[in-house]
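Q: Sharing a sequence plus its predicted fold:
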Amino acid sequence: MDEAMLAASEASFTANNLWILIAAVLVFIMHLGFASLESGFVRKKNTVNILFKNSMIIAIGLLTYYLVGFNLMYPDDPISGFFGFDGFGLSMPEGAAGAIEYADGSYTYWTDFIFQAMFAATGATIVSGAVAERMKLGAFLVFTLVFVSLCYPITGMWKWGAGWLDARGFYDFAGSTLVHSVGGWAALACIMVLGARKGKYTSKGIQAIPGHSMPLATVGVFMLWFGWFGFNGGSVLSADPVLVSLVFVTTCLAAAAGAVGAFFTSYAMFKSHDLSMVLNGILGGLVGITAGADLMSPTDAILIGLVAGIIIPLSVVFFDRTLKLDDPVGATSVHLVCGIWGTLAVGIFGDLAGFGQLIEQLIGILAIGAFTFVFAYILITILKSTMGIRVDEEHEVTGLDLSEHDMEAYSEVDKSYSLAID
Amino acid sequence: MDEAMLAASEASFTANNLWILIAAVLVFIMHLGFASLESGFVRKKNTVNILFKNSMIIAIGLLTYYLVGFNLMYPDDPISGFFGFDGFGLSMPEGAAGAIEYADGSYTYWTDFIFQAMFAATGATIVSGAVAERMKLGAFLVFTLVFVSLCYPITGMWKWGAGWLDARGFYDFAGSTLVHSVGGWAALACIMVLGARKGKYTSKGIQAIPGHSMPLATVGVFMLWFGWFGFNGGSVLSADPVLVSLVFVTTCLAAAAGAVGAFFTSYAMFKSHDLSMVLNGILGGLVGITAGADLMSPTDAILIGLVAGIIIPLSVVFFDRTLKLDDPVGATSVHLVCGIWGTLAVGIFGDLAGFGQLIEQLIGILAIGAFTFVFAYILITILKSTMGIRVDEEHEVTGLDLSEHDMEAYSEVDKSYSLAID
Amino acid sequence: MDEAMLAASEASFTANNLWILIAAVLVFIMHLGFASLESGFVRKKNTVNILFKNSMIIAIGLLTYYLVGFNLMYPDDPISGFFGFDGFGLSMPEGAAGAIEYADGSYTYWTDFIFQAMFAATGATIVSGAVAERMKLGAFLVFTLVFVSLCYPITGMWKWGAGWLDARGFYDFAGSTLVHSVGGWAALACIMVLGARKGKYTSKGIQAIPGHSMPLATVGVFMLWFGWFGFNGGSVLSADPVLVSLVFVTTCLAAAAGAVGAFFTSYAMFKSHDLSMVLNGILGGLVGITAGADLMSPTDAILIGLVAGIIIPLSVVFFDRTLKLDDPVGATSVHLVCGIWGTLAVGIFGDLAGFGQLIEQLIGILAIGAFTFVFAYILITILKSTMGIRVDEEHEVTGLDLSEHDMEAYSEVDKSYSLAID
């Protein structure tokens, strides 16, 4: 390669790598999005608990992904495509050249790690909202630790680590199934074992328990959309101008259509303009487009988002009223149901549409869903029978902020003067 | 072109396109900025309403820009520079090569769409704040739909779509007039037809109605400044190092000077350190520099921002006390008045300064202002006489959150236990 | 240079410059992070004051850095490495070519200014939190003005402006000492002269004064982490793929380990899950890794962050109970103590580790610490004896929002109807 050609490929490498790094920054801020959304949707008395959990999840997620996750998810030598492990910690290819040659001239080893690590904790964050207001902090953190270290990387490997689902032709661009449904299945298992919040389902009927701050929830959803530019756009794994820009367009149009779908459906159902439904409609549209954001035309994207938005209020009501499963933030509807829808949509719309593909998508959904649900169910059941997963009834009434954290989210009493006055 | 040259231009294209994409992400988050700012500046009882409107505006804005706006604003064949339309939906030039060759090697077709689409909804967002606390949700959403689909793209085309104002030499780099004044004119028309909030202007005097959350408002302003890096910086339409970095410098110095201008002026006027004035001073500085951010020296930028900051408290008082026009967030002062100031400043400071240019700036301001104001006035008047634009007096007193959305922004009552206890 | 080579270096320059610009945007948003964190950690009645201060700090910081700071910090001709000044305002090298050739093909003159200017105000922001709830606004703004214009650039020059500490071999990659300790030393001097909040230390014991909004504080910490990608990543001063990605990895792992360190230490000390300790642990980890983020392995980074996290609760208790120095947000522990730790860590871990380096690190810490502490102590003492630095006791009880700003952070009374009803 002559000097000019070398300089040109270095420039290209720099630009590609830069985009994946920036995408990692955007995915990082989704953790603030989740923290805000979930804390807005819970009661005041459980707010510190949600914030605490989400602050620890990103810490646990990064550290466990460093320790075992990355090498579990992307092993050099997977055993029949089901499992593999390259050892603890990170082992960068020797020297700068090794890091640069790592990914075929698109990004370095470190870039790959940090981008994937930011994804890893997302699954646990989804669970965090679903089990809010009643789960013991310690048990939740242990659940997160095991789930993010082992469960997420194993099924992640099946597709993104060149495992058996990848070999079959299953397609999941940025993780409608690998990230969102996985989090949703775990959430479902947990809320089944954990039970509903006290006062939610009573002999007198089903009680709506409104969240304590709609501004926080809205900030959360905008932050999540903001981060999704990196989540989907970074999943191109290069700064390819056509592909990344197409992904931006499909992602945004699906989110917009999700809002509109949820707007009309929830108005038809409840005769009111329900902000939480529109917010979840946006998220549903985003989750829905994620599996095929690089395959769709703008019109396909709008249809996928619209259906996801319509699903949201129907699914929320189905979980709440029919199944009587208590999910304070609607995580199962947003991440599990719309994640399944988005994964199926790859077989219905866009470049890969076709019956054969639809079957592959179903196989992927079922295989990953079954593994994750069973893993999470066993894990949470073990935790239940050992350390216990549910806070005392009395603590649930007073709120987890006081019982687990000895502090309030919004301290109003100005204690200092009671002493000062004496 | 030899192989190395081709590789070099691909690298350059990738970097340029990447910047416009990231700029689109930054402009996106301005919608969170507006949502936070406006909800902070209204009363608690109307907070969900503002959040709901701003969530729907971005959805409506993206979808209508996809449907008609983009092809209205950038027609291939404008009729005498006043109007043109290339049909519904998006039609990317054939194949990846077409997308790449689209914009002279700086960005793809999809990139152009998503960047411009993020701008489009901004106009309606400006209106949202001005009409807060008293306008019917349905009427507002219809107004937004029509305004963003038709009015914004038509005047936008006059300059950015190579229309008649562009041919004359009118200059508006990133939209002091095309975006901000346009939103401000529409806001002015709407509040004139809509009338003031109940209790604002009474026989006993003018009542200040303070917003319910200064932290939310402050978060909003910082988010808007954050997004302005993309709004102005992305308007370079490439990642040109000198131009983008100059635009960053002028934008930030104008914002800083706006804060200082508003600080001293409002202190002189009110003898207090008024946070809302300083926040609006920052925004005024940003709006003011927007028309000529690429033409100014740092010193010019500071002067433009300083004047904008001085304008803010004067203009707010003028609208409130002299004209008795009720604008809860100061949108007319920030976006209309400072937008006009910034557009004129192009004829006074910087590379294009001169009497001839000043006249062209005036012509642009008047033409776009007249079209927009008349369009918005007619539209809101039609809505008034058909679906009605004002909520019932009783609903205004109880707040739009309960009457339009059946929910509260900050739910404190823990209803669940009333049932559980039985 | 042939045509292809020229095109390739232009592409490379564009990508490098773009990253420093984006890093500046990320550092900008740290000012929102500080504003949120500090306002969350103070009482409701002093919230507007904190928001106001932080809005003015960024304005003052940018303008003074334009006026004198940049030319003080990076003089062409420093006198013996201690001091130098290139005159007021900015003087870009002539024309576009000059701007491009400015920094060896990595970024333009404007880019350099805006990136460094965003850093400059950070020091004052750190002080803002420490002196919260009792310092006069005017005195604080004057302190900020002088501190940011003179003190920060002078010690900054010693290392980053190629001054005497740089010549000796002192290492501070992104400012554990030059930014964070400097802010921390100034904060320490100010709280020593200012005294504790009324009611904090009484004859009956030490009173905890909890902050009024944990969600705001949490948003602040996530925003700060988000911005730190630019703070540390941009300090590479190019988009070098290996170096920037390594810095991202070490920065994030240190933050995560900081959370874990603070989690366990504070649990051992207080037997509760203290959110504010975990949040400050994250920040401690970030401050700790900042001096050597480009030198460390991931494992080194985890150890550095873990120690920083362990330090946080110990240091907070030491300042509060042993020294009886009242620091409402823990700024001295986070920025001063962890800044010192991070600077020392360069001599203990990573590529430069060694006894000789450790001594150089100590010399840098002591020299910059002594200069800054003395400068700040004299400045605040002068302000105390001239304009006064402490608000009246009565105003401290009612809160600074009413006394200094004549407004409340959360206005709940709907005054408008009292008039309307008549």
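A: Nice, thanks for sending it over.

Q: got the residue ranges for the helices in the stretch 151-300 of chain A?
A: With helices called from DSSP state H, counting those that start in this stretch, the stretch 151-300 of chain A shows them at A:152-159, A:164-168, A:182-194, A:214-233, A:241-270, A:275-290, A:298-317.

Q: from those, which stretch is densest packed?
A: Greatest average neighbour count among the helices of the stretch 151-300 of chain A goes to helix A:275-290 (a mean of 32), per mean count of other CB atoms under 10 Å in any protein chain shown. The C-beta positions use only the backbone N, C-alpha and C, and glycine is treated the same way.

Q: got the angle between that one and helix A:182-194?
A: 130 degrees (axes from the mean of the first three to the mean of the last three CA atoms, to 10 degrees).

Q: Quick check: mean pLDDT of helix A:275-290?
A: Over the span of helix A:275-290, the pLDDT mean works out to 98.

Q: For chain B, tell me whether that helix is touching it.
A: Yes: contact of helix A:275-290 with chain B (CB under 8 Å from any CB of the partner chain) involves A:Leu275, A:Ser276, A:Val278, A:Leu279, A:Ile282.

Q: That helix: how far from the chain's middle?
A: Its chain's C-alpha centre and that of helix A:275-290 lie 13 Å apart, by CA atoms, centre = their mean, to the nearest Å.

Q: name the helices or strands packed onto it?
A: Contact here means 3 or more CB pairs under 8 Å, 6 or more residues apart in numbering or on different chains; DSSP states H and E; on that basis helix A:275-290 packs against helix A:214-233, helix A:241-270, helix A:298-317, helix A:338-348, helix B:47-64.

Q: Is it possible to get TSV of those that adds mean pLDDT and distance to chain C?
A: TSV is the format used below for the helices and strands packed on helix A:275-290 (pLDDT from 0 to 100; distance: least, CB to the nearest CB, whole Å):
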stretch	mean pLDDT	distance to chain C
helix A:214-233	98	6
helix A:241-270	97	13
helix A:298-317	98	24
helix A:338-348	98	25
helix B:47-64	97	12
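
Q: Could you work out which of the ones you listed reaches nearest to C:Arg197?
A: Distance to C:Arg197, taken as CB to CB, is lowest for helix A:214-233 among the helices and strands packed on helix A:275-290, at 28.0 Å.

Q: The helix or strand hosting A:Glu394 vs chain B: in contact?
A: Counting by DSSP states H and E, the element that carries A:Glu394 is helix A:393-398. Yes: Helix A:393-398 reaches chain B (CB under 8 Å from any CB) through A:Val397.

Q: Enumerate the positions of that helix that are buried.
A: A:Glu396, A:Val397 (16 or more other CB atoms under 10 Å in any protein chain shown).

Q: May I see the helices and strands packed on helix A:275-290 arranged in CSV, with distance to C:Cys252 as well?
A: Output for those, formatted as CSV (distance: least, CB to CB, whole Å):
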stretch, distance to C:Cys252
helix A:214-233, 14
helix A:241-270, 23
helix A:298-317, 31
helix A:338-348, 26
helix B:47-64, 30
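
Q: nearest to C:Leu165, of these?
A: helix A:214-233 (37.7 Å).

Q: quick one: low-confidence parts of chain A?
A: Residues of chain A meeting the criterion pLDDT under 70: A:1, A:94-101, A:103-105, A:413-422.

Q: Quick check: longest helix in it by residues?
A: helix A:3-41 (DSSP state H).

Q: okay, the angle between that helix and helix C:214-233?
A: 170 degrees.
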